[in-house]
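> Quick one, structure for this:
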Amino acid sequence: MKRKLNILILALLTLSLTARAEILTLDSCLEQARQHNCTIKSALLDVAISREVKKQVLWKYFPLVSINAMGFGAAKPLISFDVTSVGGGSDLGNMLKDVLDAIESLTGKPISSEINIMRWGVSAQAQLVQPLYWGGQIVTGNKLAKLGIDASQLKGEVSERDVLQEVTEHYWLVAGLMDKRRTLMNAIELLDTVDMVANTAYVHGLVTKNDLLKVQLKRNEIDTKRLQLENGIHLASRMLCHLIGRDHTGELELEPFPETETIDVLAEMPDTFCIDGRPEAKLLELNVKYNKLMKRMAVGEALPHLFLGIQGGYTNFFERHRANGLAFVSMSIPLTQWGETSHKIKEHNLRIRQAELMRDDLKGKLRLQNEQVYDQLSEAIKLIEQHHAAKLLAEDNYDTSLMNYRAGMSTMTELLEAETLLLQANNAYTDARINYRTTLRKYNDYNR
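Sure thing, here's the model as predicted:
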């Protein structure tokens, strides 16, 4: 029994450690963002909405069927008259009165000369109308609906790309801040070494108490930076969790930030970037197509409308059942609409021209954006090389300063300055790597 209990406890501890040991990679964060990010999910819903609109417009091709039914019951008959008053006292009226008197004498029962009709009634009607030609508006409407689906999908691609770029930026921001915290902890260890050397020198009377005070002030400065880093990591982690749709329950575990950066060698910048594959460029083309289709819709308003229909009905108003049916063809030809339509066509021609100007202008800006990202990436690669060399130089400088201080050949101020330069060089190298990774993501996204 005790052995089973120990095995159970061990299993629970293993599961707990496994849960805590979950390491977030950039790929896992991007995948979670695709599944849970609100902006991406909203873009997918826009596509679904556009598909439903397309299905609505598709029904315009099918017949329109309608059924109407009506029934009534009146408190008093709608039609009521006295048969003896027919003809205003003429021979017909007198004859009707004599007939009623004869019936009364034979039956021995009084008979009313008043006639009441239309006390109740029912009617039903069914109609089927099939559009044959509607000025091309039905076909154009379906093309517009299809255009709406394409536009929603392209907007979704833009939204997903921008969100994933933001996730990448925040992921490397968190990873970089954690790397800076490790660098700061190394600086604290170096400061402990400096403190130990200074205390030893102070005991032997080689330095004054000022050196110990300088070390303490430096430690206070580093503690302040450490607090600022912790706050920055906490805030950046919360933002990253928000982007990937994850609850922030504690400090994130990210894959270790690499010590050295693997650089993708860039080819020479092309004379011009091909931006036709970018979703923004495709959206610009769709905008031109949209305005052309809207022009067709305006023309269709002034063209003939032709439809075929059948109709059937049933009535029972005078206690007589009647049913009938008919087929009909209807054509509507606007005669005075062309004046208004001609101005609508001119309006849409201007809108088409405007959309073409916007397309050409924004395509030029997209090319400039690609060139800018290329320049930024080239600059980021050079900065990594420069800051890595500066980092190695700062490490050598610190080692030399520590050795000189131990030998009494340099002051505490010089040693602390060397440590500050080393911390700055490490942080600059980390910033350069973060900038390179986020810029590389943009460059790859814009040049697929």
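
> From here on, just use CA atoms for contacts and neighbour counts.
Fine.

> and H305, backbone torsions?
When quoted as degrees, to the nearest 10, the phi and psi of H305 stand at phi -120, psi 120.

> Report pLDDT for it.
Predicted confidence (pLDDT) at H305: the value is 88.

> surely it meets M331?
Yes. Shown here, H305 and M331 form a contact pair, counting by Cα atoms under 8 Å, at 5.5 Å.

> any idea which helix or strand carries the closest residue to K344 other than its chain neighbours?
With sequence-adjacent residues excluded and distances taken as Cα to Cα, 6 or more residues apart in numbering, K344 is closest to A298, at 6.5 Å. Here A298, judged by DSSP states H and E, is contained in helix 279-300.

> burial count for A236?
When counting by other Cα atoms under 10 Å, one arrives at 19 neighbours for A236.

> I'd like the distance from it to V174, if you could.
As judged by Cα to Cα, to the nearest Å, A236 and V174 stand 6 Å apart.

> and if you look at A390?
Distance from A390 to V174, by Cα to Cα: 23 Å.

> Those two - which one has more neighbours?
V174 (24 against 19).

> my guess is the more buried one meets I233, correct?
Yes. Contact criterion Cα under 8 Å: V174 and I233 qualify, at 5.8 Å.

> For H343, see how far away the residue nearest to K344 is.
10 Å.

> repeat for K180
From K180 to H343 the distance is 66 Å (Cα to Cα).

> what about the longest strand in this structure?
For the chain, the longest strand by residue count, based on DSSP state E, is strand 120-134.

> The helix or strand that comes right after it - contacts with which helices or strands?
Remark: after strand 120-134, the chain's next helix or strand is helix 137-203, criterion DSSP H and E. Contact here means 3 or more Cα pairs under 8 Å, 6 or more residues apart in numbering; DSSP states H and E; on that basis helix 137-203 packs against helix 26-36, helix 38-58, helix 209-243, helix 279-300, helix 412-446.

> tell me which residues in stretch 388-401 are buried?
H388, A390, K391, A394, E395, N397, Y398, S401 (16 or more other Cα atoms under 10 Å).

> again with stretch 327-342
Those buried within stretch 327-342 under the rule 16+ other Cα under 10 Å are T341.

> How far does that stretch stretch from one end to the other?
35 Å.

> ok now that stretch, how far from the chain's centre?
Relative to the chain's own centre, stretch 327-342 is displaced by 42 Å; criterion: Cα atoms, centre = their mean, to the nearest Å.

> ok, residues contacting it?
Here stretch 327-342 makes contact (Cα atoms under 8 Å, 6 or more residues apart in numbering) with 298-299, 301-311.

> For PyMOL, what selects the buried ones among those residues?
To isolate the buried ones among the contacts of stretch 327-342 in PyMOL, judged by 16+ other Cα under 10 Å, type:
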select buried, resi 298+299+301+302+303+305+306+307+308+309+311
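
> Could you list the low-confidence segments of this structure?
1-22, 79-117, 205-208, 265, 267-272 (pLDDT under 70).

> can you do 50?
Counting by pLDDT under 50, the chain has low-confidence residues at 1-21.

> In it, where's the longest helix?
Ranked by residue count under DSSP state H, the longest helix found in the chain is helix 338-406.

> Secondary structure of G309: a strand, I assume?
Yes. The assignment for G309 is a strand, going by DSSP: H, G, I helix; E, B strand; the rest coil.

> That one touches S66, doesn't it?
No. Using Cα under 8 Å, G309 is not in contact with S66, being 11.2 Å away.

> Check the contact lists of those two and give me the overlap.
Common neighbours of G309 and S66 (Cα under 8 Å, 6+ apart) are Q127, L128.

> Tell me who's in contact with the closest residue to N397 other than its chain neighbours.
For N397, ignoring the flanking residues on the chain, the nearest one in space by Cα to Cα, 6+ apart is A418 at 6.6 Å. Contacts for A418 (Cα under 8 Å, 6+ apart) come out as A394, N397, Y398, S401.

> distance of the second one from N404?
Distance, N397 to N404, by Cα to Cα: 10 Å.

> Need the overlap of contacts for these two.
With Cα under 8 Å, 6+ apart as the test, N397 and N404 reach no residue in common.

> quick one: contacts for S123?
A69, M70, G71, G313, Y314, T315, N316, F317.

> For R367, grab the count of nearby residues.
Neighbour tally, R367, other Cα under 10 Å: 17.

> Can you give me every residue that contacts the nearest residue to it once chain neighbours are set aside?
Of all residues not flanking R367 in the chain, F273 sits nearest, at 5.9 Å (Cα to Cα, 6+ apart). Contacts for F273 (Cα under 8 Å, 6+ apart) come out as R367, N370, E371.

> How many residues are close by the last one?
Using other Cα under 10 Å, E371 is surrounded by 18 other residues.

> any idea how far it is from I275?
E371 is 11 Å from I275, by Cα to Cα.

> One more: the second one?
Applying Cα to Cα, one obtains 8 Å for the distance of N370 from I275.

> Quick check: neighbours shared by these two?
Joint contacts of N370 and I275 (Cα under 8 Å, 6+ apart) are Y446, N447.

> Name all residues that make contact with R296.
Counted by Cα under 8 Å, 6+ apart, R296 has contacts G136, Q137, T140.

> okay if I get those as a markdown table plus distance to I384 and neighbour count?
What follows is the contacts of R296, written out as a markdown table (distance: Cα to Cα, whole Å; neighbours: other Cα atoms under 10 Å):
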| residue | distance to I384 | neighbour count |
| --- | --- | --- |
| G136 | 61 | 16 |
| Q137 | 59 | 21 |
| T140 | 55 | 18 |
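
> now the residues you listed in TSV, with distance to D195?
Output for those, formatted as TSV (distance: Cα to Cα, whole Å):
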residue	distance to D195
G136	87
Q137	85
T140	81
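
> Closest to R448 out of the residues you listed?
T140 (32.9 Å; Cα to Cα).

> Quick check: the closest one touching M297?
Yes. Shown here, T140 and M297 form a contact pair, counting by Cα under 8 Å, at 6.6 Å.

> Please enumerate the shared neighbours of those two.
Going by Cα under 8 Å, 6+ apart, no residue sits against T140 while also sitting against M297.

> how much space between the closest residue to A425 other than its chain neighbours and I384?
In space, and not counting its chain neighbours, A425 is closest to K391: 5.0 Å by Cα to Cα, 6+ apart. According to Cα to Cα, K391 stands 10 Å off from I384.

> shared neighbours, those two?
Contacts common to K391 and I384, judged by Cα under 8 Å, 6+ apart, are Y429.

> Quick one: residues contacting A33.
A33 touches I40, V163, L164, V167, L243, I244, G245, counting by Cα under 8 Å, 6+ apart.

> count of residues packed around the second one?
Summarising burial for V163: neighbours were counted as other Cα under 10 Å, giving 21.

> could you list every residue that touches it?
V163 neighbours (Cα under 8 Å, 6+ apart): A33, T39, I40, L243.

> gap between it and H36?
11 Å.
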